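1. Okay, predicted coordinates and the sequence, questions at the end:
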Amino acid sequence: MKGFFERVKNFFANLFKKKEPRLKEDGTPYTKEELKALKREEKLKKKEEKKKLAAQKKAEEKKKSDHYIEVCKEQSDALRDGTFQPNDSFISLQHINKIYPNKTQAVFDFNLDIQKHEFIVFVGPSGCGKSTTLRMIAGLEQITSGALFINGKFSNLLEPAERGLAMVFQSYALYPHMTVYDNLAFALRQHHVPKDEIEERVKRVSKILELDPYLDRKPGNLSGGQCQRVALGRAIIRNTDIFLMDEPLSNLDAKLRVQMRSEIVNLHRELNATTIYVTHDQTEAMTMATRIVVMKAGYVQQIGAPKDIYNHPANVFVATFIGSPAMNIVQAKMVGGDIILSENHKYHLPAALKKKVAEFYKDNPMEGDDITFGIRPEDVIIVDSPTKDTLEIQLDFVELLGNEYHLHTAIGNQKFILKAPAKMEYQVGDKINVKFDSDRVHLFDKKTTNCII
Ligand code: ADP
C-alpha cells in the first residue's frame, strides 16, 4: 500500500514539476514563437528520417523479392521443361544447391530419395551443410537451385506450414511461463482444435513420452531430458507424417543422450513417421538410422545403411569418420603383390585382393606405386608366434577401458590402434605379433582417396 501512495505522489510531483527552459546556443532562452518553430522543424526532420528508413527497407525487400522471383522462375521453368520430375519416393531431393546471400555455398548437388517411414540421419563434421539441407526441406531456407518433392508435390516454394512436417531443434524452445500441458497443447489451440480433442491428444503424447507426472510443472522445474521430451511431444502432437530433428540431443549429458536415443528410435517405431535427423555424432547416426547420409564440406560422401557404410566406406573420409576408434590409415606402397606399410612392415596381399586392385586400375594406371591401406582396430588379430604373414609391433601406449584394451602403436611413423580383450596383460614397450583379417582390409586410391576394395 505504501508503495502505491509513493508512486501516486511521484506521478503528481512530476506532473507539476517546472520544466527547465530550452536555451539557444548563446545561452538565451527561446521565445514562445521560436520554440514552436523549433519543435515543428524537429518533428519534420523526424518524419523525413522515418520516411527514408521505410524507403530503404522497401528497396531491400524489393531486391530480395526480385531475387526470389528469379529463383522461383528458374525452378518453375526447370520443372516445366522436365529437368526435375517427381518420382515414387516420399521425399525427393534433386540436385539441390544452397548459396547464401554472402556467396557461401553450403550445399552442392544434393540428391536423395527418401521412402515413407525411413529414419534418415545426416551426419558430418560441423559446417558440412547438414542443418542447411534440413532447413531447406523444412522451408526455413530458400533452395537456390534444384527441386524438392514431398509426396510427389513440387515443394520448393511452399510455406513451412504447408509442408506437413514438424521440427525439433537443439534448443527446446519451450514457453517458460506455461505448464507442460499448455506447452503441449499450444499449437493445437492455435489451430482451434476442439478442447476435448486437445485433451485426448495431450494425454496420448504424454503417455508415450512418460510425461504424465509433470503435466502441471513449468519447464524451469524439469530436467534437460524432460524438457527435450516435452519438445518432442510438441512435435509429435501435431500428427504430421514427417519429423525433422536438428541435433535434438546435443544439449544433454552423455548418459541422458544414450537414453533419449533409444526413446527416439522407439518413438519412430511407434509413430511410423518419416524422420530426418541431423547430428555430428557418428554413434547417434550408427545406432538410430535406417540410412545414413555422410556429408563433408557441402558434398554428400556416401549414402547407405549403417552396416554398409561401416563395412564398405566409399572413401578415406567416411572410413575414418564412422567408427570409434577410427579406422587405421597407413600411407603405403604397393610393390608386386606386397603392400609395404613401412621399412619393417609388409602385408602380403591375397590373390583375390590383388585381382581387385588390378581391375580398379585397368584403364587408369596407378600413379607411382602409392596406395592407402586401411584396417579397423578390431580387425587386427594378435597372434602368439610370428609367421610369414605377421607383423611385429611395439606398444607405445596402453589404455584399459574395463572390457577391452586399446593398444596404441605405430607403423613406421604412422599411428596405429588395435583392440585386445581385457583378460590379457599388456604393458608399454611390449612387442607383439599381429596379422590382418584379409576380408576386412581396405585399400584406397592415394590421389582420390576413393575406395578400391
Ligand atoms: P552443419 O549443420 O553441418 O554444422 P550448416 O548447414 O549450419 O552446417 O552450415 C554450412 C555452411 O554454411 C557453413 O560454412 C556455415 O558457416 C554456412 N552458413 C550457415 N548459415 C549461414 C547463413 N545464414 N549465412 C551464410 N552462411 C551460412
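-> Nice, I can see it. Please read all numbers here as calculations on a predicted model, not as lab measurements.

2. any idea how far Lys17 is from Val8?
-> Distance, Val8 to Lys17, using Cβ to Cβ, to the nearest Å: 15 Å. From N, CA and C alone the C-beta is placed, and that goes for glycine too.

3. right, I mislabeled it, should have said His280
-> 61 Å.

4. One more: Gly129?
-> 61 Å.

5. who has more neighbours, these two?
-> More crowded of Gly129 and Lys17, by other Cβ atoms under 10 Å: Gly129, with 24 against 8.

6. what's the pLDDT at Gly82?
-> On the pLDDT scale, Gly82 is placed at 72.

7. residues contacting the residue in the stretch 201-350 of the chain positioned nearest to the ligand?
-> Nearest residue of the stretch 201-350 of the chain to the ligand: Val278, at 6.2 Å (Cβ to the nearest ligand atom). If a contact means Cβ atoms under 8 Å, 6 or more residues apart in numbering, then Val278 has 121-123, 130-131, 134, 245-247 as its contacts.

8. tell me which element it is part of?
-> Assessed by DSSP states H and E, Val278 sits inside strand 274-279.

9. what does Ala37 give?
-> Here Ala37 is covered by helix 32-80, with elements defined by DSSP H and E.

10. For that helix, name the packing helices and strands.
-> In terms of contacts (3 or more Cβ pairs under 8 Å, 6 or more residues apart in numbering; DSSP states H and E), helix 32-80 is packed against strand 145-150.

11. Check the offset of the strand holding Val278 from the chain's centre.
-> 8 Å (Cα atoms, centre = their mean, to the nearest Å).

12. do the same with stretch 169-180
-> 21 Å.

13. Stretch 170-187 now?
-> Chain-centre distance of stretch 170-187: 23 Å, with Cα atoms, centre = their mean.

14. do the same with stretch 292-305
-> Centroid separation between stretch 292-305 and its chain, computed with Cα atoms, centre = their mean, is 11 Å.

15. Pairing partners for the residue nearest the centre of the chain in the sheet, please.
-> Compute the mean C-alpha point of the chain, and by Cα atoms, centre = their mean the closest residue is Val278, 3.2 Å away. Going by DSSP bridges, Val278 is paired in beta bridges with Phe122, Asp246.

16. Tell me the pLDDT of Thr387.
-> 89.

17. Okay, and it sits in which element?
-> When elements are assigned from DSSP H and E, Thr387 belongs to no helix and no strand.

18. So it versus Tyr426, what's the distance?
-> To Tyr426, Thr387 is 21 Å away according to Cβ to Cβ.

19. between those two, who's got more neighbours?
-> A count of neighbours by other Cβ under 10 Å puts Tyr426 above the other of Thr387 and Tyr426, at 16 against 8.

20. per-residue pLDDT, that one?
-> pLDDT, Tyr426: 93.

21. How about it: what's its closest non-neighbour residue?
-> Nearest non-adjacent residue to Tyr426, counting by Cβ to Cβ, 6 or more residues apart in numbering: Val398, 4.9 Å away.

22. Give me the phi and psi for that neighbour.
-> The phi/psi pair for Val398 (degrees, to the nearest 10) reads phi -120, psi 120.

23. Please apply the same query to Asn450.
-> Dihedral angles (degrees, to the nearest 10) for Asn450: phi -80, psi 150.

24. What sits closest to it if chain neighbours are left out?
-> Asn315 (5.1 Å).

25. That neighbour: neighbouring residues, count only.
-> 19.

26. got it, and Glu33?
-> The tally of other residues near Glu33 (other Cβ under 10 Å) stands at 8.

27. 309 is where my numbering starts, stick with that
-> Yes, from this point I'll number from 309; that puts the last item at Glu341.

28. residues in contact with it?
-> Contacts of Glu341 (Cβ under 8 Å, 6+ apart): none.

29. what comes into contact with stretch 524-540?
-> The contact list for stretch 524-540 (Cβ under 8 Å, 6+ apart) reads 476-477, 480-489, 491-492, 517-519, 522, 556-557, 559-561, 564, 567-568, 571-572, 575.

30. List buried residues within those.
-> 476-477, 480, 482, 487-489, 491-492, 517, 519, 522, 556-557, 559-560, 564, 568, 571-572, 575 (16 or more other Cβ atoms under 10 Å).

31. Close to the ligand: what parts of the protein are there?
-> 408, 410, 412, 414, 432, 434-440 (Cβ under 6 Å from any ligand atom).

32. picking up where we left off before, restricted to strands, list the buried ones among the contacts of stretch 524-540.
-> Members of the buried ones among the contacts of stretch 524-540 lying in strands (criterion: DSSP state E): Val476.

33. how close does the closest residue to Ile550 other than its chain neighbours sit to Arg569?
-> Take Ile550 and drop its neighbours on the chain: the residue closest to it by Cβ to Cβ, 6+ apart is Leu473, 3.9 Å away. For Leu473, the distance to Arg569 equals 21 Å [Cβ to Cβ].

34. ok, these two, which is more surrounded?
-> Each of Leu473 and Arg569 has its neighbours counted (other Cβ under 10 Å); Leu473 has more, 23 against 18.

35. picking that back up, what pLDDT does the residue nearest to the centre of the chain get?
-> We have a pLDDT of 96 for Val586.
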